[in-house]
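[1] Sequence first, predicted coordinates after that:
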Amino acid sequence: MKILLVYYTGTFNTRFLSNRIADMLREEGDEVDLHEIDPSKKYRIDFSPYELVGFGYPIYGFAAPRPFLRFVRHQKFPKNLKGFIYKNSGETYHDNDASSMFVLRRLRRRKVDIRNEYHFGMPYNIHFRYADDFVKEQLVYADKLARIMIYELKHGIQNMSKRYPLRPRFITWSVARLQYIAGDINSYMYRVYKDKCISCDKCIRECPMHNIYRDEKGEIRFRHHCNMCMRCSLRCPKDAIYIGFIDNWGWRVNGAYNLKKIEAMEYKPVIDENTKGFFECYYESFSKIDRRYCEIFGGEPREYHPKAKSTGMVTKLLRLLFRNKDVREQ
Ligand SMILES: Cc1cc2nc3c(=O)[nH]c(=O)nc-3n(C[C@H](O)[C@H](O)[C@H](O)COP(=O)(O)O)c2cc1C
Ligand code: SF4
Ligand code: SF4
């Protein structure tokens, strides 16, 4: 089958995931092309050679990022093109469930036939840094979910219900709008700590929106077309970027995850029945993946506590406010 994976990425987690999915599909004999969305331009790509298209994005504020939506809006799709969504985010709380709401509306209006959607857990690029051993476990389960996804797609097994539940729909509907303008506003506060900066210009070269430049005095400045992707602040070698309210909330993460290196690490499970607090959502999502994986490919799923259930938005917000003790930081 000729397949296209089209995705948006800020800090390259979605790029890593897309390459992993492409490798797995190629192992099965499919011909796979990848297209990384350039958020700084308006352009169209040709979908007509493809039998199946995967749409990949990281969740920002319980929704698909603005550049991803814009890209979809500008495309012309062949009639009844078959597609699927693979989204990823730092936590697997159900509050993220309806994040594709606006994307789906746009795709379906253009007669793209989407019946499958998959939510992968990848390391947080905001909020707090995940420890490598936990990221390794995320990658193990991302691989399992990718295998489930490929199997279901190839066997015509749909996994989407007609409507998302009310709560995630309400969360996405209300937060997404704020998220879409937040970067442009937040960027008025960005600045570089001169005492830390080594003038490597990596932030200028890598900003996907060409939003960072040097003025006539040679000072680093920020324009106001920011996606809030965190690429500049996460990948700055000296942690020299003040990234507005994200810093004020103590949510800046610095230092890119070395996913290739983490992938090669020995796997020791981190999440188990004693996991409490923030990571409980992974207890539920890993258990679901394990069960489905074993249904399809055989084997015994790992034993999970039968009452495993992820907490909701209110509990989560309280935990964020009071900084839960078992949040793991490196
Ligand atoms: C502005 C912003 C908002 C985010 N909002 C959420 C969110 O609502 N839920 C979540 O689980 N993760 C959230 N994340 C984390 C990212 O979805 C996650 O780290 C993702 O893997 C990043 O992918 P990328 O490296 O391809 O950009 C957010 C990240 C950013 C930068
Ligand atoms: S990436 Fe960091 S150290 Fe390099 S120029 Fe930008 S702010 Fe300075
Ligand atoms: S300024 Fe930083 S956060 Fe904004 S789009 Fe550029 S790299 Fe991303």
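    That came through, no problem. Ligands and ions are numbered 1, 2, ... in the order given.
[2] Determine how far stretch 267-280 lies from the middle of the whole chain.
    Offset of stretch 267-280 from its chain centre (C-alpha atoms, centre = their mean, to the nearest Å): 21 Å.
[3] Distance of N125 relative to ligand 3?
    10 Å (C-beta to the nearest ligand atom, to the nearest Å). C-beta coordinates here come from the backbone N, C-alpha and C atoms, glycine included.
[4] go on, I3?
    Computed with C-beta to the nearest ligand atom, the distance linking I3 and ligand 3 is 29 Å.
[5] what secondary structure does the residue in the stretch 1-150 of the chain that ligand 2 sits nearest to sit in?
    Distances between the stretch 1-150 of the chain and ligand 2 by C-beta to the nearest ligand atom are smallest at T11, namely 13.6 Å. The three-state label for T11, taken from DSSP: H, G, I helix; E, B strand; the rest coil, comes out as coil.
[6] give the contact list for it.
    Contacts here follow C-beta atoms under 8 Å, 6 or more residues apart in numbering; on that basis T11 touches 125, 229-231, 234-235, 256.
[7] residues near L5, how many?
    When neighbours are counted by other C-beta atoms under 10 Å, L5 registers 24.
[8] hang on, I meant Q75
    Close neighbours of Q75, defined as other C-beta under 10 Å, add up to 18.
[9] Next: R221.
    Neighbouring residues of R221 were enumerated by other C-beta under 10 Å; the total is 14.
[10] State the phi and psi torsions of it.
    Backbone torsions for R221, taken as degrees, to the nearest 10, come to phi -130, psi 160.
[11] Need the per-residue pLDDT for it.
    As summarised for this prediction, R221 has a pLDDT of 98.
[12] what is it paired to in the beta sheet?
    When bridges are taken as DSSP bridges, the partners of R221 come out as Y213.
[13] doesn't N211 make contact with it?
    No. Taking contacts as C-beta atoms under 8 Å, R221 lies outside contact range of N211: 9.4 Å.
[14] picking that back up, can you pick out the most distant pair from the contacts of T11?
    C229 and A256 (12.6 Å; C-beta to C-beta).
[15] Between these two, which has more neighbouring residues?
    For C229 and A256, the more surrounded residue by other C-beta under 10 Å is C229, and the numbers stand at 26 against 16.
[16] Next one: F71 from R105, what distance?
    F71 is 15 Å from R105, where distance means C-beta to C-beta, to the nearest Å.
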